[in-house]
Each structure stands twice: as structure tokens, then as C-alpha cells.
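Q: Next come a sequence and a model predicted from it.
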Amino acid sequence: MAKEEHMSEKKIRVLIAKPGLDGHDRGAKIIARALRDAGMEVIYTGLRQTPEMIASAAAQEDVDVIGISILSGAHNTLCPQLMKLLHEKGMEDVTVLVGGIIPEADIPVLKKSGIAEIFLPGTSTQEIIEFIHKRLTPAH
Amino acid sequence: MSELSDRKTKSGTTVANARTASPAEKAWEKNTLAPTLAKSAERQKEFTTTSSYPIRRLYTEADFSGGDSARDLSFPGEPPYTRGIHPTMYRTRLWTMRQFAGFGTAEDTNQRFRYLLAHGQTGLSTAFDLPTLMGYDSDHALAEGEVGKCGVAISSLADMEVLFEQIPLADVTTSMTINSPAAVIWAMYLAVAEKQGADWKTISGTLQNDILKEYIAQKEYIYPPEPSMRLVIDTFEFGMKHTPKFNVISISGYHIREAGSTAIQELAFTLRDGMEYVEWAMRRGLPVDEFTPQLSFFFNAHNDFFEEIAKYRAARRIWYKAMTERYKSTNPRSWALRFHTQTAGCSLTAQQPMNNVVRTAIQALAGVMGGTQSLHTNSLDEAWALPTEFAATVALRTQQIIAHETGVTHTVDPLGGSYFVEALTNEVEQNAWEYIRRIDAMGGMVAAIEKSYPQREIAEASYRYQMAVDKKEKIIVGVNEYVTAEKPIEILQIDETVAHRQAARLTKLRAERSSAEVERRLQALRKAAEGKENLMPFIYDAVKVYATLGEICEAMRTVFGAYEEVSVT
């Protein structure tokens, strides 16, 4: 019940973004649609976004969550750049999630940079939806 | 129990023509089947393929004796090639074992190539990194973090020379997975061949060069469709005249399937892409019987064994009909659809990666039973990274086991005549034609892409599939069932020193070459791009004086502009 009340107050706003040169957008599109079906307001950036473009889109759209889809191996370069930009803009309250092909060894480094969670291949859309709800629902 | 009318399924496909069970079959239903079902129900209400295509309990002669089965089946090496394009198939020559490889610098990949050839691989296949695929040099700002990651970094002829060092291009056939900048990379390859003294008239290999599926699925495009198609047809024309043994295109369903399409969509969109290329080339004035023997295809091999086999068999039949009926081809070499197969990367799991060896083996077997001409088997670490040497070796061994130990190569089209396989081949073909005709009605594939039609169809199918997995309607072992805790596997890491080495090499190259000559040839290319001439000779001229990939692609971009898609979510 609490969850429904929260949702009726204000829809959760999510930016789904594809940074880098990679065009494999199957995952990004599925997540965008699944979050939308779960009642969230979803903006998809389209392909080939630089960290600057993603940060300014997130600010402009006033989102609660940024979902980064990355499969190309460029996460160690692009994710810290995005986190730095969000920090500069004073947007630390935005939850940043990463989905894609991320070697286990890189996960602690990404989390340390402020990324809330990393979702690996095989994650169900339900897990991600639940994570977002849990994270954004204020504790009683 | 006979199904008398076509019915539409959830996935929008049409199933089954009029089916009349024989008296014997009806008796079996009554006397044997009914009592069994009364005792215990079947495990599921409906059984479907991986693509959600419904499968019947039993197939009999009633399922494929309709139509002209003798004509549709025929004999191997004869139209419509359902049973294979060669009369003896693998009894004479096995398929080409062609493992896709590429990472780091040209030196790194050259070493892996030579390793694979030393271990019995029979052809090469080059994976390029994302900056190369997008037409950027390794030192471009947008290349940051991506150099050498998904493939090898090639920025100029100098890199290409290293890539094929000590690999005789006169003898080894090479496939190059490159699309938007295909003409440039091919020019580099031809320049290396020339330097090695290999005869262009006899060298062979395959250029992927399939821009339509980039707009549809993989999204590695640079220019808008019109100038992109011009470049493709330029390579057709150049190849027809100068490299008659080279496959100038590999019309690809692989990426369409990886993007989440069904098997039927993969088949239909790929073959309609093929028809689009033929039509654009014919409009250019190329004689259909002269350029079409150099067209080749590339399909995915997913988990559903019989659905995949039916897809390959139907593909050959559709292409034969299209070539002879639509384009009035009189050259049998244009009629036979030749294809490469790659096992489905998207079917492989990050969880319990050893299971991927099993999946890949079954998928590869489907490719072989479907009559493939060449095959790539994915590595067990596919869902994590580019393969380690160990993983790449197991993948190659998988093919060798199928070739030498299973016996499936001993007879041609071993599944020919199976009620199920023949019925499914017919149904898959019929459904693919429906899609093809829908795209015809839209004005062809370029028009359909501009309407986002195939993109939307694939996004729908992909979402449906994911929902079925999330709801456990489809079981993926180790992912949504039979889950166990596990340790990370060893994976190949590409570090940033690759980017630094590439940048240093480019700086040196730019200092040593004749800048005036490079600029002169780039200017000639720009001018030609504004007109209607074939651009291949201009690109080749620029490549020869070490103009870089980025410079050449940028020169054309100033004339052609860049493409931006409308995202479908």
C-alpha cells in the first residue's frame, strides 16, 4: 500500500542512457519499456551519448535514476567521468545504475565511484524494478 | 483434430495450412492417443520454439504432402536447393571453420590469427574495435576507453600490414566484419594483398558490408541510407570487375537475431535486405547474373535445433525463388544461397559459463545439419569478454568434434524427409514471405527502415522474450532455474596501453607520410563523392598514401552527412 501511495504522489523519473560507441541497445530498450510498464516515467537518450550529454539530460529532465547500459568494455573510462560530472552539478542524490557486461573485478571500483548497483547479464527486469522502488521509497 | 484454417498466434505468425489427417492417424488419435491423454495431461498446454512458434504434437505426411513437395524438396545441388547447394556437401569438403577474432593492436590479433591457423582453423575472420567500426581513428576523442576492446584497432594501411604479416592472403580466405567503413577497410586489405604479390583475381574472402542490418539492428552506421547504399553498390561493381572470387557482402541475419528477433523475422528481414541490394545494384545498371554470385549470407544459430535447421533450408528456397522469379536470373551461380553461421551469442549466459560449451555444440550442430558453408562457434566466456586463448580453443575443438566424430557429415541433408523438419521448413518459409510482401508494400527495405518497421517488430519480439524469461515461461538453465553460487572465471583484459600504443603509432604515421599527397587524394575523394562516380578507386588511392580510416570517413561525412535514428522503445 505504501508503495502505491508513493507512486500516486509522483512518478519515479528515469533516464536510460547508452554511452560510448556501442550500438547494442537490446538491453537498454527492454529496461526502458519494463520500467515504463512498472509505472515510471522513462526517458531514453538514444545511442552514442557522451558522459556530458548524459549528465545534462539528467539535470534537464530532473530524474531520480540514471540507468547506464554498457557492453563494450569502456565502463572504466565512461562511468567515472559521468560520476564526476554529476558531482560537479551537485546531483549526488540521483541513483546511478549500470547494466551490461562488467567483469566482477571492476564492480568494487565502480561502486566506490558512487554507482548504486551493477546489474549483470541474466538479471530479471523485476529485480531492477524492485531495487529502484526500495531505494527511492523513504524509510519510515 | 485436424486444423482446417490458418490461425494467428501471439507472435503474429500464421500457422498451418489445411491439414487432413489420414484414416490411420485418426485411428491412432482415437485408440492410442486419447486414452493416454485421459490418464495424464501433457506438461504444457502449448509447446513453442525459442521464437514462440507453436509446435504440434506429431507431424505426419499430412503436414507436408500439401503443395508440390517433390519440387520443393528436389535433390542437393539442384533448385530450389532445400537439401543443400552441393550434391555431395560435407562428403567432399567440410565447412570452413572460421573463428571471429580480434582484440588489442594489430600485433596482438596477428598472433591470435597465427595461433588459430596453427591449430587447424581453415579461414580467418576479423573483429574490429568500435572506433574502427564507426570510422574513427584510435586517437579520436570519442574512441576514448574503446580502443582494442571489442576487436582489433585498425586506423590505417600501416595497421593492416601488421595484421596480416606472415599470413599469405593468396591462400587464406579472410572475412572482415565491417560495415559502414567497409569500402575503406577493404581497400586496405586489397593494398596488403597487392604488396604481398597476391592476385586480386584469385584472392577470396568476405566483406560484411551489410549496412541495412545496421539500421535495423546493430546500429553501427555513419551516413544516411542513400549514400550508404551507394557505397555498397560501389563495392559490388568494383568486386565484379577486379575481385571475382571475393564475397563483396555478407547479408546478415545474425545481428537481427541478437537484437531479439524471432527466427522468422531474422530470415525475412535478411532475405528482404538481400533483395534490396539486388534491386539497387540493378538500378545502377549492374547485370544481375554478373554480380549476384558474389553475394553471401550470414545467419544465427540459436538454441531451438529444428527451428534453426528449418530456417536455413527455407532461406535457400526463398533466395532461389527470388533470384529466378523476381530478378529473372539465368545464372545458377546466382541462385544458390551460400551462408556463414555463428552460434547465438545472446543465448550464452554469464552464469555457469561451462554450460555454454554445450549450448554452442548443439547450435553448431544445427548449422551443420542446415548445410552451412562456414561456421563460427562462440566461446564459453562470450557473456563476459572477448575469449581467452583457452576458451577460443575449446570453441574451435567443438567444431572439429562435430566434423570428425559425430558422423553427421557422412550423408547429405540427414534430416531431409523428416515430417517435422519439412513441415517446419514450409511454415517458416510461408511466414517469411508474408513479412517480405509487407515490406514490398511499404516500398522496400530502406523505406521500411525509415518507418522503423523492422526495428519495432524486433523490439516487440525481444520484449516478449524477456518477459517470458522473467516469468519463467522460458527456462534458461543457470539463470532462472538451477541457479548455483559460483566463482568468477578468468577473462581476457584489454588495458589502456593499447590506446596509447595506437595513438603513438598514428602520430608517427602522420609525421612520416606526405601530408600534401594525402590532402590531395582526400580532396579528390570529396569531389567524387559529390558526383556519381564509383568511390572505390578514390578510396583505394587515399589508403595507399596512408590516409587514415578516420580521415577518409570524415571526408565522405562532409559530403554525405551523418545519420541519426529515431529510437524505438
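A: Received, thanks. Numbers count the residues shown, from 1 in each chain, chains lettered A, B, ... in the order given.

Q: which residues sit in contact with the residue nearest to A:Gly23 when sequence neighbours are not counted?
A: The shortest distance from A:Gly23 to any non-neighbouring residue, by C-beta to C-beta, 6 or more residues apart in numbering or on different chains, is to B:Lys219 (2.8 Å). Quick note: C-beta positions are derived from backbone N, CA and C, even for glycine. Applying C-beta atoms under 8 Å, 6 or more residues apart in numbering or on different chains, we find B:Lys219 in contact with A:23-25, A:47, B:565.

Q: Now do B:Phe100, the pLDDT please.
A: Per-residue confidence (pLDDT) for B:Phe100: 89.

Q: One more: B:Asn209?
A: As predicted, B:Asn209 sits at a pLDDT of 98.

Q: Ok, the one 5 residues further on next?
A: Confidence at B:Glu214, expressed as pLDDT, is 98.

Q: For it, give its distance to B:Thr558.
A: As judged by C-beta to C-beta, to the nearest Å, B:Glu214 and B:Thr558 stand 21 Å apart.

Q: picking up where we left off before, so what does the residue nearest to A:Gly23 look like in phi/psi?
A: Per-residue torsions, B:Lys219: phi 70, psi 20 (degrees, to the nearest 10).

Q: Flag the shaky bits of chain A, pLDDT-wise.
A: A:1-9, A:139-140 (pLDDT under 70).

Q: got the residues of it near chain B?
A: A:16, A:20-26, A:29-30, A:32-34, A:36, A:42, A:44, A:46-48, A:50, A:72-78, A:101, A:103-105, A:120-122, A:124-126 (C-beta under 8 Å from any C-beta of the partner chain).

Q: ok, 7 Å please
A: Neighbours of chain B within chain A, by C-beta under 7 Å from any C-beta of the partner chain: A:20-23, A:25-26, A:29-30, A:32-33, A:44, A:46-47, A:72-74, A:76-78, A:101, A:103-104, A:120-122, A:124-126.

Q: The residue sitting nearest the centre point of chain A and chain B, how far apart?
A: Relative to the mean C-alpha position of chain A, the nearest C-alpha, by C-alpha atoms, centre = their mean, is the one of A:Gly67, at 1.6 Å. Separation of A:Gly67 from chain B (C-beta to the nearest C-beta, to the nearest Å): 12 Å.

Q: what helix or strand does that residue sit in?
A: Using DSSP states H and E, A:Gly67 falls within strand A:65-70.

Q: Give the other helices and strands that whichever helix or strand comes after that strand contacts.
A: Downstream of strand A:65-70, the next assigned helix or strand under DSSP H and E is helix A:75-88. When contacts are defined as 3 or more C-beta pairs under 7 Å, 6 or more residues apart in numbering or on different chains; DSSP states H and E, helix A:75-88 packs onto helix A:51-61, strand A:95-100.

Q: Work out for me the element residue 35 sits within.
A: Looking at chain A here, since you left the chain open. Here A:Leu35 is assigned to helix A:26-37, by DSSP H and E.

Q: You answered for a different chain; I wanted chain B.
A: Per DSSP H and E: B:Pro35 is located in helix B:34-39.

Q: Following that helix in sequence, what is the next regular element?
A: Per DSSP H and E, the first helix or strand lying C-terminal to helix B:34-39 is strand B:47-48.
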